[in-house]
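Colleague: Generate coordinates for the sequence data below:
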Amino acid sequence: MSPTPQTQQRVPLPHLREPVPELVSAGGPGRRPAAKTAPERPDKGNKGRDAFFDNAKYLAIVLVAMGHSWPLVLSGSRTTEALYMWVYVFHMPAFVLISGYFSRSFDMKPRKLMRLVSSVVVPYVVFQAAYAVFFGVMEGERAPVRMLSPWFLMWFLMALFFWRLLTPLFMAVRWPVPLALLIAAAASAVPEIDQQLSAQRVLQFLPFFVLGLRLRPEHFRLVQRWTVRWAAVPVCALSLLFLYWAAPRTQLDWVYRNHGAQEMGQPWWVGVLMTFAMFAAALALTACFLAWVPRCRMWFTSLGAGTIGGYLLHGFAIRYAEYAGWVQTYHLDTPVGRVVVTLCAVALVTALCTPVVRRVLKPVTEPDLGWAFRKEREAEAGAR
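Modeller: Next up is the predicted model:
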């Protein structure tokens, strides 16, 4: 909705903790004592959180906020448009992939379903209604509280709900990622599929979620090899140069992934080809992004636990700035103004990810719904 070194290097890398219910004890029968070398010290925050993924989530949500702020100052700047397209190619795929990675243990047991409802359904309902009221006030007319057509950035929570429900299926099938890619390609060839449930985005981003389901800690260590890190530099530079050339020639809807090919005036087969091309491009840039995510604790590591607040709330400020005409009022459609808008977006989403905001939002984003669900043993007994 975030590394094993080369052979000649000897510095151990921190363990990337797998999000599974039970952790296997490090000292099992027959295991030899660890050698007396410098201990590997996992960088973990509160409650065993892995610093690498918290860093990745924070940096990804910063890119999301930057991407949402740039349309305010997009017109008249080819450089900003190229940067905008570049960020949009991979920032949500990276976010979705990490979401998939942490959804691998999801099943249909009552405890997991309760967590799905409390962390996804409840925030969606509350903020979907809040955005309806907000847009109604800003536009001076009553906006419908529609639950099947997400407002603005609320599509991600709806998509996450469906992706989580599909997790057991994609964990069971033999070729999950190719299957998800075929589904995404088919969706891109069907016009007007996005009328309800944000279906185009749900289906077109599905391959990244499914890929996250199939990843393991060693895959993240692999992309943090120094060879990959240095290879990421020319890949990012060349992709930016390409998008600078392509910006005036390319429809932005391709990076939004919210329309079929025919809705963009293209034949259906172009949508199929673009699905595979965009998947490859997003995967390459996501690998580049993850390659440079710090694996140690940083000043922003703790903010990775509060990205849901940053995601849900920053849209109000950005949309208000649009309705209030701040760009025109403060003459922000200049090179300096674009930098100011970007820095403001970063500062805003950083403030919204802080622990105090997380605590304030907890009744909505992490409500205790134990009273509404039967305990797991009771549910199993009832099923029998």
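
Colleague: Please enumerate the helices of the stretch 101-250 of the chain.
Modeller: Using DSSP state H, counting those that start in this stretch, the helices of the stretch 101-250 of the chain run over 110-116, 122-139, 155-172, 176-188, 199-204, 206-214, 217-223, 226-246.

Colleague: Got phi/psi on the closest residue to F95 other than its chain neighbours?
Modeller: The shortest distance from F95 to any residue other than its chain neighbours is 4.7 Å, reached at A60 (Cβ to Cβ, 6 or more residues apart in numbering). The way it works is simple: take the backbone N, C-alpha and C, and place the C-beta from them, glycine included. Backbone dihedrals for A60, given as degrees, to the nearest 10, come out at phi -70, psi -40.

Colleague: measure A60 to P168 for me?
Modeller: In this view, A60 and P168 are 26 Å apart by Cβ to Cβ, to the nearest Å.

Colleague: W268 too?
Modeller: For W268, the distance to P168 (Cβ to Cβ) stands at 31 Å.

Colleague: higher neighbour count, the two?
Modeller: Taking other Cβ atoms under 10 Å, W268 and P168 do not tie; W268 has more neighbours (15 against 12).

Colleague: give me every residue that touches that one.
Modeller: 188-189, 260-262 (Cβ atoms under 8 Å, 6 or more residues apart in numbering).

Colleague: Give me the contacts around stretch 154-171.
Modeller: Residues outside stretch 154-171 that contact it (Cβ under 8 Å, 6+ apart) are 1, 92, 95-96, 99-100, 103-104, 106-108, 116, 120-121, 123-124, 127-128, 131, 150, 176, 179-180, 197-198, 201-202, 205-206, 209-210, 213, 258, 311.

Colleague: for stretch 345-358, same thing?
Modeller: If you take Cβ under 8 Å, 6+ apart as the criterion, stretch 345-358 is touched by 58, 61-62, 64-66, 68-69, 300, 302-310, 313-314, 317-318, 365.

Colleague: can we see that at 6 Å?
Modeller: 61-62, 65-66, 69, 303, 306-307, 309-310, 313-314, 317 (Cβ atoms under 6 Å, 6 or more residues apart in numbering).

Colleague: which of these sit farthest apart?
Modeller: Checked with Cβ to Cβ, those reach their widest spread between S69 and G306, with 19.2 Å between them.

Colleague: and the residue nearest to F95, how many neighbours?
Modeller: Neighbour tally, A60, other Cβ under 10 Å: 27.

Colleague: Distance of it relative to L273?
Modeller: From A60 over to L273 the distance is 27 Å, taken as Cβ to Cβ.

Colleague: Also L213?
Modeller: Using Cβ to Cβ, one gets 25 Å for the distance from L213 to L273.

Colleague: So if I had to pick from these two, which one is more boxed in?
Modeller: A direct count of neighbours by other Cβ under 10 Å for L213 and L273 places L213 higher, at 23 against 14.

Colleague: Next, count neighbours for the closest residue in space to D368 that isn't next to it in sequence.
Modeller: Once flanking residues are discounted, D368 sits nearest to S118: 7.4 Å by Cβ to Cβ, 6+ apart. Close neighbours of S118, defined as other Cβ under 10 Å, add up to 19.

Colleague: Let me know whether S118 touches P367 as I believe.
Modeller: Yes: here S118 reaches P367: they are 5.1 Å apart, a contact under Cβ atoms under 6 Å.

Colleague: Just give the number of residues close to A186.
Modeller: By other Cβ under 10 Å, the residues close to A186 number 15.

Colleague: OK, contacts around it?
Modeller: If you count contacts by Cβ under 6 Å, 6+ apart, A186 has none.

Colleague: and if we set it to 10 Å?
Modeller: Counting by Cβ atoms under 10 Å, 6 or more residues apart in numbering, A186 touches 193, 203, 268, 271-272, 275.

Colleague: center of the protein - which residue?
Modeller: When Cα atoms, centre = their mean is applied to the chain, the residue found nearest the centroid is F95 (1.9 Å).

Colleague: now stretch 268-281, how far from the chain's geometric center?
Modeller: 20 Å (Cα atoms, centre = their mean, to the nearest Å).

Colleague: and if you look at stretch 287-303?
Modeller: How far stretch 287-303 lies from its chain's middle: 15 Å, per Cα atoms, centre = their mean.

Colleague: so how far does it reach from one end to the other?
Modeller: 22 Å (Cα to Cα, to the nearest Å).

Colleague: hang on, the earlier thing: filter the contacts of A186 down to the buried ones.
Modeller: 193, 203, 271-272, 275 (16 or more other Cβ atoms under 10 Å).

Colleague: What are the buried residues along stretch 291-298?
Modeller: Quick answer for stretch 291-298 (16+ other Cβ under 10 Å): 291, 293, 295, 297-298.

Colleague: Among these, which pair sits farthest apart?
Modeller: Maximum distance among the buried residues of stretch 291-298 (Cβ to Cβ): 18.5 Å, for A291 and R297.

Colleague: Next, the contact list for L83, please.
Modeller: 66-67, 70, 74, 77, 240, 243-244, 247, 338, 342.

Colleague: Confirm it sits in a helix?
Modeller: Yes: assessed with DSSP: H, G, I helix; E, B strand; the rest coil, L83 lies in a helix.

Colleague: quick one: pLDDT of it?
Modeller: We have a pLDDT of 96 for L83.

Colleague: swap in P93?
Modeller: What the model reports as pLDDT for P93 is 96.

Colleague: Restrict stretch 146-153 to CA atoms and write it as PDB.
Modeller: Extracted C-alpha coordinates of stretch 146-153, given in PDB (Å, rounded to 0.1, in the frame of the first residue of the first chain):
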ATOM      1  CA  ARG A 146     -19.000   5.300  -1.800                       C
ATOM      2  CA  MET A 147     -17.500   2.200  -0.400                       C
ATOM      3  CA  LEU A 148     -16.900   0.400  -3.600                       C
ATOM      4  CA  SER A 149     -15.100   3.200  -5.500                       C
ATOM      5  CA  PRO A 150     -12.000   4.300  -3.500                       C
ATOM      6  CA  TRP A 151     -11.300   8.000  -3.200                       C
ATOM      7  CA  PHE A 152      -7.800   9.100  -4.200                       C
ATOM      8  CA  LEU A 153      -5.200   7.000  -2.400                       C
END
